[in-house]
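Engineer: Could you look at this predicted model? Sequence included:
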Amino acid sequence: MSWPEVTGLIATKDPLLASLQQRLGQAAGGLEPEILQSPILGLSWLDLVAASGLVLLAVGIARWQRIGLAGSLIVGAVRSVVQLALVGYVLVYIFEIDQWWLVLGALAIMLAVAAREAVRRQEERSLRLYGMTGLALLVGSGFTLFYVSLVIVRIEPWYNPRYLIPLFGMIVGNAMNAAALAHERLAAELKSRRGEVEAYLALGATAARASRGPTRSALRAALIPTVNSLMVVGLVALPGMMTGQILAGVSPLLAIRYQIVVMFMLASAVAVSAVIVVLWNRRLFFTPDEQLRIGGGPA
């Protein structure tokens, strides 16, 4: 598929992207880069079999050094293939049906799985923690998706699965990692600084004041990966979304614009989700009488 065919397909299937492409072409003086006229390279299942050699290389290194992860690498590779293949067929079905309730159902399943995975990484796994984490992800990811879809990208119709599902997947995935990291660091900080926290409590400080130091450390730990990504994006790493769009034939300038939006929306979702998780879940570490309860679960 050549570049003119790509732009024609965009104009037919998606007026929003067609408008962006038109503005991009006008800004570039109407010149079409020669490299974008080359056909898009497809991938067959046989190509994916060849790609599995890269995983086998990692498995070989793990076995060579006896680090105990060879089996996990194999299981993870098989799961990734099965899961992504199933998701591909499900997305094709959702795109064809094109119903708002089906799209919202898919988003709800993604949110539930993200909350479950975030809590699974913790030592304590109470129902209350599941609920708090799920609500934090819902608020952080939901607000960010709402803002991006209605204010920035202006999706039409509002439930367009082509945009809503991929955007929410990126948002909730990063928010999940931040929530898990924030709660894990909060628990570790409260345990390691138990004497300091109990000293504050003994002097009459509230639980919020006594845990201010661990709270800030947890939030910092949750935000550092996002800050690092913002610092090096484009210089050290080319993000997956931008790379995928370029490989699919989209102009690099348009792909960069989308990637900037993605980086900013991830920063928002991570920050909101992490602060809600820390501020709400820290109450699990204190009794109603504001005594430190190491363990993080309900008594």
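Structural biologist: Here it is on my side, so go on. Please read all numbers here as calculations on a predicted model, not as lab measurements.

Engineer: What ranges in the stretch 101-250 of the chain fall below the confidence cut-off?
Structural biologist: 237 (pLDDT under 70).

Engineer: Could you pull out the helices in it for me?
Structural biologist: Taking DSSP state H, counting those that start in this stretch, the helices of the stretch 101-250 of the chain run over residues 127-147, 161-192, 194-202, 207-210, 212-232, 240-247.

Engineer: how about those in TSV, adding distance to Asp289 and mean neighbour count?
Structural biologist: Every C-beta, even on glycine, is put in place using the N, C-alpha and C of the backbone. Formatted as TSV, the helices of the stretch 101-250 of the chain follow (distance: least, CB to CB, whole Å; neighbours: other CB atoms under 10 Å):
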stretch	distance to Asp289	mean neighbour count
helix 127-147	18	20
helix 161-192	17	22
helix 194-202	10	15
helix 207-210	10	17
helix 212-232	19	17
helix 240-247	48	15
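
Engineer: As a markdown table, those with distance to Leu73 would be great.
Structural biologist: Listed next are these as a markdown table, based on distance: least, CB to CB, whole Å:
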| stretch | distance to Leu73 |
| --- | --- |
| helix 127-147 | 28 |
| helix 161-192 | 20 |
| helix 194-202 | 37 |
| helix 207-210 | 43 |
| helix 212-232 | 22 |
| helix 240-247 | 20 |
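
Engineer: Out of these, the one nearest Val90 is which?
Structural biologist: helix 161-192 (9.6 Å; CB to CB).

Engineer: okay, the angle between the closest one and helix 212-232?
Structural biologist: Put simply, helix 161-192 runs at 140 degrees to helix 212-232, going by axes from the mean of the first three to the mean of the last three CA atoms, to 10 degrees.

Engineer: which one of the helices of the stretch 101-250 of the chain lies closest to Val49?
Structural biologist: Closest of the helices of the stretch 101-250 of the chain to Val49 is helix 240-247, at 19.6 Å (criterion: CB to CB).

Engineer: list the buried ones in the helix or strand that the closest one is followed by?
Structural biologist: Remark: after helix 240-247, the chain's next helix or strand is helix 252-281, criterion DSSP states H and E. The neighbour-count check on helix 252-281 (16 or more other CB atoms under 10 Å) flags 254-256, 258-259, 262-263, 265-281 as buried.
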